[in-house]
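1. Sequence first, predicted coordinates after that:
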2 protein chains.
Amino acid sequence: MNMTRSTTAHLAPVAPVAPAPVAPVAPSAGALRPLGLDEVAITGGFWHRRQEVNGEATLAHIEHWLEREGWLANLDLAASDPAALASGRRGREFSDSEVYKYLEALAWEIGRRGGADASGDAIAPAGAAAVDALEARFRAIVARVAAAQEPDGYLNTRFGRPGQQPRWSDLEWGHELYCLGHLFQAAVARARTRPGADDGLVEVARRAADLVCEVFGAGGDPRICGHAEVELGLVELGRALGEPRYVDQARRFVERHGRGTLADIEWGRSYYQDDVAVRDAEALRGHAVRANYLSAGAVDVAIEAGDDELLGALHAQWDRTVERRTYVTGGQGSHHQDEAFGEDWELPSDRAYSETCAGVASVMFSWRLLLAHGDARHADLIERTLFNVVETSPDASGTAFYYANTLHQRVPGAPADADTVSPRAHSSLRAPWFEVSCCPPNTARTFASLAAYVASADASGIQLHQYAPASIRTRLDDGQEVAIDVATEYPASGRVAVRVLTDASSPWRLSLRVPAWATGARLVVRPADGSPSQAIDADAHGRAGTVSFERSWRSGDEVELGLPMRSRFTAPDARVDAVRGCLAVERGPEVYALESVDLGGTALEASDFADLRVDPAVPPRETDGDAGAPRVVVRLVDPRTDASADVPLVPYHAWAERGPSTMRVWLPVLGV
Amino acid sequence: MNMTRSTTAHLAPVAPVAPAPVAPVAPSAGALRPLGLDEVAITGGFWHRRQEVNGEATLAHIEHWLEREGWLANLDLAASDPAALASGRRGREFSDSEVYKYLEALAWEIGRRGGADASGDAIAPAGAAAVDALEARFRAIVARVAAAQEPDGYLNTRFGRPGQQPRWSDLEWGHELYCLGHLFQAAVARARTRPGADDGLVEVARRAADLVCEVFGAGGDPRICGHAEVELGLVELGRALGEPRYVDQARRFVERHGRGTLADIEWGRSYYQDDVAVRDAEALRGHAVRANYLSAGAVDVAIEAGDDELLGALHAQWDRTVERRTYVTGGQGSHHQDEAFGEDWELPSDRAYSETCAGVASVMFSWRLLLAHGDARHADLIERTLFNVVETSPDASGTAFYYANTLHQRVPGAPADADTVSPRAHSSLRAPWFEVSCCPPNTARTFASLAAYVASADASGIQLHQYAPASIRTRLDDGQEVAIDVATEYPASGRVAVRVLTDASSPWRLSLRVPAWATGARLVVRPADGSPSQAIDADAHGRAGTVSFERSWRSGDEVELGLPMRSRFTAPDARVDAVRGCLAVERGPEVYALESVDLGGTALEASDFADLRVDPAVPPRETDGDAGAPRVVVRLVDPRTDASADVPLVPYHAWAERGPSTMRVWLPVLGV
C-alpha cells in the first residue's frame, strides 16, 4: 500500500499538492484533482442562496435542537457523571453522530466564509465577526466532545459506562464506529479549513482512530460496523494526517463486508451489506445510506490501494444502480420498512422513501467515482440528486426538512408543528427535527462544502462540473496560476459565461460538462484579442458528456456554454412498473411536480386529483414566471368531466411550500 | 341493549334458534341466519381437499411448532414457576394467542368431523378414533391453559408475574386483551361444537371475561387494546353463554376507539384505529388485521345494540375499502412497514403486503355484513379472498405458509428451510413457521370452520353463498326440515347442481349467489315430477348478485346453476397508479399469475421477465389441463426480441409450488 502513488494503470497519477485541497475528499490518485474551498467559491445564484440560508439559519437551527433534545448534554454527562449516563442519556444510539456532522458543517462554513485560506488570499471574505462567532460555537462544542472522550480514546455516550452495554457489544445496531466515522470527517474538515488550529478536534479524532486500529486491526475484533461510515472517515483522516494505518484499517473494514460477521436479521445481512463482498456485488442493495457510504469508502480504499478490480466493481454497481434502482429525482431506496433499495425496477412513486441522507451519500459516492474516472455521468447524477433530493429536504427558510422524499402525495398531510419532533418519515410537510435526525445536519455539511463539487483540475486544465456563479483560482499541475469567473442564472437560464482572468504561460484545456439531457448544447469561445469567435457543437465534440477547448488563454477571453433548457416530457423505462403510462416533466436539471394548490381557479379545481391526466400531445411550455424563472405549464384533462386546463408545475424541490397539498411527479398520460 | 331483539328497523328479526348454530358467528338479528357445521358439511372438491390437509397435516404441524418454540411451555412455566417467566418465557408478546387460535381450529375440526351434532345426526362422520385423538390433544392443551390462569381470572404469560411488566401496563403493544379475544373465540367454538364438555375451556374464558369487564368496565380503565380482537371475542362469548355483560363490554371497547386513549406512535393512532371513532371513519385504515377485526366486532356490536348508524357506517367503510384499498386478490394492506392499508388507490404489486391474516379478518368482517344485509357483494369478496389470499398462504402440503402475499415477485427467493423459523414476511417461498406466526393457525381455524360460510337461511328459505360439493340439512323458520345436496367441480367447472332431498310442507326459496364476474349465468329448475324445466337468466332476474326460485320443493327436484367460467382479462381502475397499463387474468373466482418456470421451453425462455408483455388482442384461452382443471394460456411478447409464445398461467394460490421463480399477477400490456 502506497499512500501517495497509485499502481492503478489506467489512472493518471496526480502530483501531490501541498497543502491538500480544502475539500471533503482528497484522493492521492485519479483522473481529476478536487479543488478546495480556498480555490472555488460559489458567489451567487441558486446554490449561493441555499448556502446563505444554510449558514445563517440552518446551522443555528441544528444547534438549537441538539441542545434542546439533550444530544449535546449527553457529552457533558459523559464527562461529569458517567455513571448517570445509563439512565440520563437522551436520544437514539447514534445521536453523537449528529453533533459531529454539525461540527463538520460548521468547519466547512468557516472555511467557506474565508477564514482558512492557506494562501492568505481569501476568495470569499465575510465579516470577521460572523466567522468569529462560528469559530466560537465550534470551539465550545469541541470542548464538550473532548471532555467526553475516555483516556484510551474511546468516545461514545451510549456504551461502556457503568450500567451501559459494554463497548462494541452491539456492532449490528450500536453505531459506535459509525459515529466515529462522522467524527473523523469533522476532524478532516477542521484540519483542512483551519490547519494547525488549537481547538483539539483533530487530536480527539486521532486518539479515537488509534483505538479503532488497535481494537479492530489485524488479529483484533474481526467485525464491521452495522452502519458503514467509518471506512470513508478513516481513509480521509489518514489522507489528511498522513497516517497510512487509518487507510489500512478502512481497507480492512471494506474487505470484511460480506463475511457475515454481523448477525442475520429480519431483512437479511444485505441490509448492512454484509451479505456479499463489496467487490462481488452487482448493485447497491440494502439500506441505501449504508450502501452509499460503504461504496464511497470503498472507492477511497480502491484508489489508495491501487485496486483496479474493486474500483471496476464499484463502477459497475453504480451503473446498474443508476439504471435500475434510482428515481428520476436521483433518489435512492424505495422501501420505508428497512430504508432500503428495492429490486431492479422496483421504484414506486407511492411511498418512495428516497431518504435525504441517501441522496447526500449518493453524491459522495458519485463524486469519488468522478474524481477517479472523470466520467461526466457521475457529475450528472450529482446534479440531479442535489437539485431534486438534497435541495428538496429543507424548506426555503432552512429550518424544516424532509426525511423521506416521496414522489406522490395522495392526501394532504397535516402541517408539521415547528416546535415538535417528528417521527422520521411521518409528515407530508417538512418538520423541524426528527427522532432520527440525520438529515438536517447531513444537508448542512453538504451545502457548506458545496463549492468543492463545482470544479476540478487535471494535467490538461480545469473542468466545470456544476454550474453556478463562481470564482475559481487555482494552480495547474505545471505551476501556472489560473483564475476564471463563472456567471450564470442557471438553472433558470442555460447560459453559462466563463471569463478567463489570467494569461496562460502555456495552453490549458477548459472542459464543461454537458448534461445528458442537453441535446444541442453549444460552446462559443470569444477571444479577448478580437480574433474570430469559435463555436463548437457539443453533440459532435469531445468525450461523452463534456465539451472542451484548449487554448493559451488570455485574460478577458470569454467562453459561453449554451445549454438548451426547454422543458421536456420524460418517459420512464418500460420495466419500471409503478409509473407505466406516465410522463414526468423536467427542465434542465430540475424535475417538476404537479401540486394540487395549482389547480385552484382552473377548470379542474373540482376534479379528483387521482383522475387528472396529462395530454401528451401538448408539450410542456414555458411562460414568464416570478423572479426571472420561467413557469412550466402542462395541459391536464379530467376524463370523467372532459374538463381541461393549462396548469403550472413547480420544481419538485419547491413543493409543499404553500401548505398541505397533494402532489405527483409522474403524470398519467391521457388515453392509457 | 337487548340481546335477543333488534331495534334496527330494516333488519329482519331472526327468531332465536336453539341451540345456536355450530358456527363462529351467531347474531341475534340480521337478514340471514348462519348455518352450523352440524347443518352444512363440505363433502368433496377443492375446499374439502384443503380441509382434509388442514385437519391431517396443518393442525399437527402447528402443534409441533407451538411446542418447539416454547409457546406452549410458557403456559407450563406460568403454572409451575411464575417467577421464572420473566427470564424463561419464549416468543413474542402475543404468542399465547397462537395457542388459542390452534384450540379454536381443533374445536372446529372436531365439530367438522361430526363429533358434536346437537341433534345426534352427524352429517359428516369420521373415524371415531381420529376424533378421539383430536379431542385428547384439545383437552391436554386446555389443561395447560387452565393451569396458567391466575385465581382472579387473569391469563397471559407475558405480564404480571414477578419481574414482568405489570398487567395492562402496555396496552399499545402488549396484546393482553387481544390474546383473550382469541381465547374467547376458542371457547365459543368449543361451546358450540361440544356443548357441556367438561374440559373447562369455557370456564377459563368466562373467568377471564369477567375480569375484563371488571377492569375495563364502566368507571374502570378507560382504554382499549392496541390490537382489536377482544371486541368480537366478547360479543360472541356473550352470545354463546347468554351474558349481556360481555356484549356490553365489547360495545364499550368499540365506542372507545378514536378517543386517543392509546399513545401516539410513529405511524399515528390510525395504526390501531384510535384516531377516529368507528362510526365516523370513512374507510378501513391503519393495520389491516386490526382494522378488520375491529370492524367485524363493531358489526356484532351494532347488531346486538340495534345501532343502525354504526352498521351503516361500517357498510360504507366496507364499500370504500373494497373499491379503493383492496387488491384484485381480495388482499388488503399494502404497507410492509406498518402492515397497514395505504391511501386510496395505493395498491402497488411490488411488495403488496396483503397479509394472510388480513384476508382471514376481511372474511370475518364481510361475513358479518352479509348476515346483516344479505348483500351478495359481501359473499363475492369472501370468495375472492378465500381463493386468492387465504388459500394462497399454505402450500399443497399444508405445512408451509405465506405471511405476506405479494402480487409481483421480481427475484426468485431462496427456498425457505423447512426446519427454520422465518422473519414474518421475508421469503418469497412459503415458510414452515414465523417469529410472528399468526397466519398458520389463522388459516387453520378458517378452513376447519369453512362449511359455516357456505350457506345461510332466512324466513324465505336457503341461500347458497359459496360453491362446493356440500350436504345441507336444516330446519327452516316455519319448522320444516329441509335437506339438499350440492354437486359441483367448482371452480374447475361452473356447473353447480343442487338436489332437493326433502318434500316441502310449504314453499320456500332457494337462492344462489351469482358472482359479479358471472355475466350470462343461468339457473335451470328440473322438477322431479317430470313437469317442464324452467330456465332463468340470472342477469335479468332477482336482486343483484343472486338468482332464486321459490317452489314447494319435492325430493328429487334438481336445480342447476351454470356460471360462465370463461377466463378473462381484468383491467384495473384507472386510479390505481401501480398497475396502469396492465391486465390481470381471472377465471371464475381465481386470479391467475404468470410464473417464470412456465417460460421454460418457450421462445421466451431467454427473455428478461421484466420485458414480457401480454398481447391484449388475444383473449386468454383454455386448454385441457391436468386433473380436469383447464389450463389458462395467454399470448406473451418480448418487444426487445419480437419473440412471442403462448404461455400457461397458474392460479395465483398455486404459485411457488415448483421451486424459486419470479411471478406477476398484473401483466403489462403490449404497446403501452
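-> Done, it's in. What you see is a predicted model; the values in this text were computed from it and never measured. Numbering: from 1, shown residues only, chains lettered A, B, ... in the order given.
2. Can you pull out the low-pLDDT segments for chain A?
-> Along chain A, segments meeting pLDDT under 70 span A:1-19, A:115-126, A:426-427, A:541-543, A:626-628.
3. residue nearest the centroid of it?
-> Residue closest to the average C-alpha location in chain A (C-alpha atoms, centre = their mean): A:Val360, at 3.2 Å.
4. Can you name the residues of chain A sitting close to chain B?
-> Contact residues, chain A versus chain B (C-beta under 8 Å from any C-beta of the partner chain): A:265-268, A:335-337, A:342-346, A:348-351, A:408, A:410-411, A:423-424, A:426, A:435, A:574-575, A:577-582, A:608, A:610-611, A:639, A:666, A:668, A:672. Using the backbone N, CA and C atoms, a C-beta is placed for each residue, glycine as well.
5. what's stretch A:402-411 in contact with?
-> Applying C-beta atoms under 8 Å, 6 or more residues apart in numbering or on different chains, the external contacts of stretch A:402-411 come out as A:327-329, A:331, A:336, A:349-356, A:359, A:389, A:392-393, A:422, A:424-425, A:428, A:430-431, A:434, A:436, A:439, A:609-610, A:656, A:661-666, B:343-346, B:577.
6. can you give me the strands for the stretch 501-650 of chain A?
-> With DSSP state E, counting those that start in this stretch, the ranges of strands along the stretch 501-650 of chain A come out as A:508-513, A:522-526, A:534-537, A:546-551, A:558-562, A:568-570, A:582-587, A:590-595, A:613-614, A:621-623, A:631-638, A:643-651.
7. can you give me the angle the fourth one makes with strand A:508-513?
-> Translated: strand A:546-551. Orientation check (axes from the mean of the first three to the mean of the last three C-alpha atoms, to 10 degrees): strand A:546-551 against strand A:508-513 gives 160 degrees.
8. Show the backbone phi and psi for the nearest residue to A:Val559 once chain neighbours are set aside.
-> Spatial nearest neighbour of A:Val559, excluding adjacent residues (C-beta to C-beta, 6 or more residues apart in numbering or on different chains): A:Val498 at 4.3 Å. Per-residue torsions, A:Val498: phi -110, psi 130 (degrees, to the nearest 10).
9. Ok, A:Thr474 next?
-> Main-chain torsions, A:Thr474, degrees, to the nearest 10: phi -150, psi 170.
10. Quick one: neighbours of the closest residue to it other than its chain neighbours, just the number.
-> Nearest residue to A:Thr474, sequence neighbours excluded (C-beta to C-beta, 6+ apart): A:Glu39, at 4.5 Å. Neighbour count of A:Glu39, defined by other C-beta atoms under 10 Å in any protein chain shown: 26.
11. any idea how far A:Val647 is from B:Ala209?
-> A:Val647 sits 58 Å away from B:Ala209 when distances are taken as C-beta to C-beta, to the nearest Å.
12. Looking at the two, which is more packed in?
-> Neighbour count, other C-beta under 10 Å: between A:Val647 and B:Ala209, B:Ala209 has more, with 27 against 21.
13. Secondary structure class of the more buried one, three-state.
-> Judged by DSSP: H, G, I helix; E, B strand; the rest coil, the three-state class of B:Ala209 is helix.
14. what's near enough to touch it?
-> Residues in contact with B:Ala209, defined by C-beta under 8 Å, 6+ apart, are B:153, B:180, B:184, B:234, B:237, B:243, B:246, B:249.
15. could you pull out the strands for the stretch 201-350 of chain A?
-> Along the stretch 201-350 of chain A, no segments are classed as strands by DSSP E, counting those that start in this stretch.
16. residues of the lengthiest helix in chain A that come out buried?
-> Once chain A is assigned using DSSP state H, the helix that runs over the most residues is helix A:128-148. Buried residues in helix A:128-148, counted by 16 or more other C-beta atoms under 10 Å in any protein chain shown: A:131, A:134-135, A:137-138, A:141-142, A:144-146, A:148.
17. just stretch A:515-534 next, same as before
-> Buried, per 16+ other C-beta under 10 Å, within stretch A:515-534: A:515, A:517-518, A:521-523, A:525-527.
18. Kindly check the end-to-end length of it for me.
-> Taking C-alpha to C-alpha, to the nearest Å, the first and last residues of stretch A:515-534 lie 21 Å apart.
19. Just give me how far it sits from the chain centre.
-> Its chain's average C-alpha position is 30 Å from that of stretch A:515-534, according to C-alpha atoms, centre = their mean, to the nearest Å.
20. Over to stretch A:539-553?
-> Relative to its chain's centre, stretch A:539-553 lies at 27 Å (C-alpha atoms, centre = their mean).
21. Check which residues of it are buried.
-> Neighbour-count burial for stretch A:539-553, counted by 16+ other C-beta under 10 Å, picks out A:542, A:545-549, A:551, A:553.
22. per-domain residue ranges of chain A.
-> According to automatic domain parsing, chain A comprises the domains A:33-453, A:478-562, A:568-668.
23. Check those domains for me and report the most buried one.
-> Using mean count of other C-beta atoms under 10 Å in any protein chain shown, the stretch among the domains of chain A with the greatest mean number of neighbours is domain A:33-453 (a mean of 22).
24. Pull up the distance across that one, start to finish.
-> Domain A:33-453 stretches 11 Å from its first residue to its last (C-alpha to C-alpha).
25. Can you name the residues that contact the closest residue to A:Thr602 other than its chain neighbours?
-> Nearest residue to A:Thr602, sequence neighbours excluded (C-beta to C-beta, 6+ apart): A:Ala645, at 3.8 Å. For A:Ala645, the contact set (C-beta under 8 Å, 6+ apart) comprises A:599, A:602-604, A:635-636.
26. how about CSV for those residues, with distance to B:Asp319 added?
-> As requested, the contacts of A:Ala645 are arranged in CSV below (distance: C-beta to C-beta, whole Å):
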residue, distance to B:Asp319
A:Leu599, 27
A:Thr602, 30
A:Ala603, 29
A:Leu604, 26
A:Arg635, 34
A:Leu636, 28
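27. Cross-check the contact I'm expecting between A:Val25 and A:Pro34.
-> Yes: applying C-beta atoms under 8 Å as the test, A:Val25 and A:Pro34 come out as touching, 5.9 Å apart.
28. Need the residues touching each of those two.
-> With C-beta under 8 Å, 6+ apart as the test, A:Val25 and A:Pro34 both reach A:371, A:452.
29. In contact with the residue of the stretch 1-150 of chain A found nearest chain B, which residues?
-> Closest residue of the stretch 1-150 of chain A to chain B, C-beta to the nearest C-beta: A:Arg92 (12.6 Å). Residues near A:Arg92 by C-beta under 8 Å, 6+ apart: A:435-436.
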